[in-house]
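# give me a model of this one.
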Amino acid sequence: MTKYIAAIDQGTTSTRCIIFDHSGHIVALDQKEHQQIYPKPGWVEHDALEIWDRTQEVTHNALRKAGLNAANIAAIGITNQRETTLVWNRRTGQPYYNAIVWQDTRTDEICNQLAQEGGQDRFRARVGLPLAPYFSGPKIQWILENVPGVREAAQKGDAIFGNMDTWIIWNLTGGPQGGVHVTDVTNASRTLMMDLKTLRWDPQILSILGIPESMLPKIQPSSFQYGYARVVLPGVPVAGDLGDQQAALFGQTCFNPGEAKNTYGTGCFMLLNTGTQPVQSQSGLLTTLGYQIGGQPAVYCLEGSIAITGALVQWLRDNLGMIESSSEIEKLAASVADNGGVYFVPAFSGLFAPYWRSDARGAILGLTRFVTRAHIARAVLEATAFQTREVLDAMEQDSQVKLTTLKVDGGMVINDLLMQFQADILNVPVVRPKVAETTALGAAYAAGLAVQYWSNFDELRANWAQDKIWHPDMPETQRSTYYRRWKKAVTRTFDWMD
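Okay, the predicted model is just below:
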């Protein structure tokens, strides 16, 4: 019987199940969006029960489309939106509160209070991260302090925490009937609570945040048999778990130090493999786990995280109604020769790398009577490329490695106009692989390695193939002028929030 690997990709706006064959090709895919909940300005939530329902639906649908059943699946890999925080009752499976999404800024005050002693980098030497509302630890603290009954339930051992990987794995493996409460090193490294060297929860930080360790999942390697599914794919090993950006790095086969990828999704995330030793950033990047395969040494990364890229296109569609579908933006933007002097800094959730300014807010600058919606559409796309350039500059400064090409993936890489402008503003070639679903592919690879479906990295590298390459084609004077104006626009967004 031919065997396949199933990957569940639980993202910020949708959940997908993709079934891959041994060559890394997609056999079947199903996808469903879930509701985005905005209770107050800066607050973003998801209904975790809706996400679990969607997970079951897309997995059943992908199997049906491929004409397969559980017996055909060798293993399940999970990849997930990182930092999104959920606390639920281990006996009933009911969440105490909606999942607080990574983009949510409600913990700004908690982070400011924590920074009063030791500053924004108070924990950075241990966890690789600055104090910022982005990460899970302060979100757990907020739930414990603001949702009635949760702290008491946590002290009794009933309330448990997980990012969405932990929630999916716990439900897949039985939920209240013995579900496995685990996470992997990559997701744990995004909580602000895991020691980068020991790969264990840091007791001192937990004490400062007021979080009982009994709430937290067990930290395991990214490729490891955590347990067996009891629903949807009964009897199939759940054997891979990677945060979405690390999964994309793995799916792009960036296994050597110095190899990098950029994923263009809701946000934009560039990761550079730095090998088996963590590199502390001096330039506003994050030090994070790349992956860990079984008992092998963990591999680390530098990461540049950008909050709003694809989400800006959605905002143009949903909030302003300038386009009816996201795919229309390329044609609209291409109808003008340039941005008409308009720069759009999408600091909707503050600015992430390399600034970490939670006081910033979004701004459109350079408006004149000449400007049309087409110029704004172009500025929306260019904002993604400019933000990526800022992250790349920081990465080269920290690593002392000059990038020669950038591997790209994610939903926005089908946009030729954006990819060409990206190559132009970086002045390096941009390469798209044949399988653009590298996030799900990375989760599949991790699961497949754990059950010997694939035997080594060479097999995975052999699956990678180039689909398209964009070469830079912009005069240096134009590039530097554009970038200088962008940098000026960014400074105008600072200090908006008191």
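
# any idea which helix is longest in this protein?
Here the longest helix in the chain is taken by residue count, with DSSP state H as the criterion, and it is helix 373-399.

# how far off centre is it?
Put simply, helix 373-399 sits 17 Å off its chain's centre (C-alpha atoms, centre = their mean, to the nearest Å).

# which helices and strands sit right next to that helix?
strand 260-264, strand 268-275, strand 299-306, helix 310-318, helix 329-334, strand 343-345, helix 416-426, helix 476-491 (3 or more C-beta pairs under 8 Å, 6 or more residues apart in numbering; DSSP states H and E). C-beta coordinates here come from the backbone N, C-alpha and C atoms, glycine included.

# can you give me how far the helix or strand that that helix is followed by is from the chain middle?
With elements assigned by DSSP states H and E, the helix or strand that comes after helix 373-399 is strand 406-409. With C-alpha atoms, centre = their mean as the basis, strand 406-409 stands 15 Å off its chain's centre.

# okay, now the sheet partners of strand 406-409, with direction.
strand 260-264 (parallel), strand 430-433 (parallel) (DSSP bridges).

# so R485 makes contact with V345?
No: in this structure, R485 sits apart from V345 without contact. The criterion is C-beta atoms under 8 Å, and the distance is 11.2 Å.

# these two: which has the busier surroundings?
When neighbours are counted by other C-beta atoms under 10 Å, R485 and V345 differ, and V345 comes out ahead with 23 against 17.

# doesn't A383 make contact with the more buried one?
Yes: counting by C-beta under 8 Å, A383 is a contact partner of V345 at 6.7 Å.

# in stretch 249-264, what counts as buried?
Buried residues in stretch 249-264, defined by neighbour count with 16 or more other C-beta atoms under 10 Å: 249-255, 257, 259-264.

# quick one: average confidence on that stretch?
Confidence over stretch 249-264, taken as the mean pLDDT, stands at 90.

# just the CA coordinates for that stretch, please, in CSV.
These are the backbone C-alpha positions of stretch 249-264, laid out as CSV (Å, rounded to 0.1, in the frame of the first residue of the first chain):
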residue,chain,number,x,y,z
LEU,A,249,12.6,27.0,6.8
PHE,A,250,12.6,23.2,7.1
GLY,A,251,10.4,22.8,4.0
GLN,A,252,12.8,25.1,2.0
THR,A,253,15.6,22.7,3.1
CYS,A,254,17.6,25.5,4.7
PHE,A,255,19.7,22.9,6.7
ASN,A,256,23.1,24.6,6.5
PRO,A,257,24.2,27.7,8.5
GLY,A,258,23.9,30.8,6.3
GLU,A,259,20.8,29.6,4.4
ALA,A,260,17.7,31.8,4.7
LYS,A,261,14.1,32.0,3.6
ASN,A,262,11.3,34.6,3.7
THR,A,263,7.6,33.7,4.1
TYR,A,264,5.0,36.1,2.8
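
# quick one: the strands in the stretch 51-200 of the chain, in order.
73-80, 86-89, 99-100, 159-162, 182-184 (DSSP state E, counting those that start in this stretch).

# tell me the most buried of those strands?
Burial among the strands of the stretch 51-200 of the chain, expressed as mean neighbours by mean count of other C-beta atoms under 10 Å, is greatest for strand 73-80, which shows a mean of 29.

# check which helices and strands that strand sits against.
Based on contacts counted as 3+ C-beta pairs under 8 Å, 6+ apart, the elements that strand 73-80 packs against are strand 4-10, helix 164-172, strand 237-243, helix 244-251, helix 438-450.

# as CSV, these with distance to A62 would be great.
Compiled in CSV, these are given as follows (distance: least, C-beta to C-beta, whole Å):
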stretch, distance to A62
strand 4-10, 7
helix 164-172, 15
strand 237-243, 16
helix 244-251, 17
helix 438-450, 11
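
# which one of those lies nearest to T481?
helix 244-251 (31.4 Å; C-beta to C-beta).

# that closest one to helix 164-172, inter-axis angle?
Using axes from the mean of the first three to the mean of the last three C-alpha atoms, to 10 degrees, the direction of helix 244-251 lies 90 degrees away from that of helix 164-172.

# centre of the chain versus helix 244-251, how much separation?
Relative to its parent chain, helix 244-251 has a centroid offset of 9 Å by C-alpha atoms, centre = their mean.

# in contact with the residue nearest to D165 when sequence neighbours are not counted, which residues?
Sequence neighbours aside, N80 is the residue nearest to D165 in space, at 4.2 Å (criterion: C-beta to C-beta, 6 or more residues apart in numbering). N80 makes contact with D9, Q10, G11, N163, M164, D165, I168, N187, G243, D244 under the criterion C-beta atoms under 8 Å, 6 or more residues apart in numbering.

# for Q220, same thing?
Counting by C-beta under 8 Å, 6+ apart, Q220 touches V182, T183, D184, V185, Y226, D241.

# again, only using 10 Å
By C-beta atoms under 10 Å, 6 or more residues apart in numbering, the contact set of Q220 is I169, V180, V182, T183, D184, V185, A188, L199, Y226, D241, Q292, G294.

# same question for E437.
Contacts for E437 were tallied using C-beta under 10 Å, 6+ apart; they are 7, 9, 16, 18, 20, 24, 26, 29, 248, 251, 409-411, 444.

# from the residues you listed, which would you call buried?
Listed as buried from the contacts of E437 are 7, 9, 16, 18, 20, 24, 26, 29, 248, 251, 409-411, 444; burial here means 16+ other C-beta under 10 Å.

# out of those residues, which comes closest to G149?
D9 (33.0 Å).
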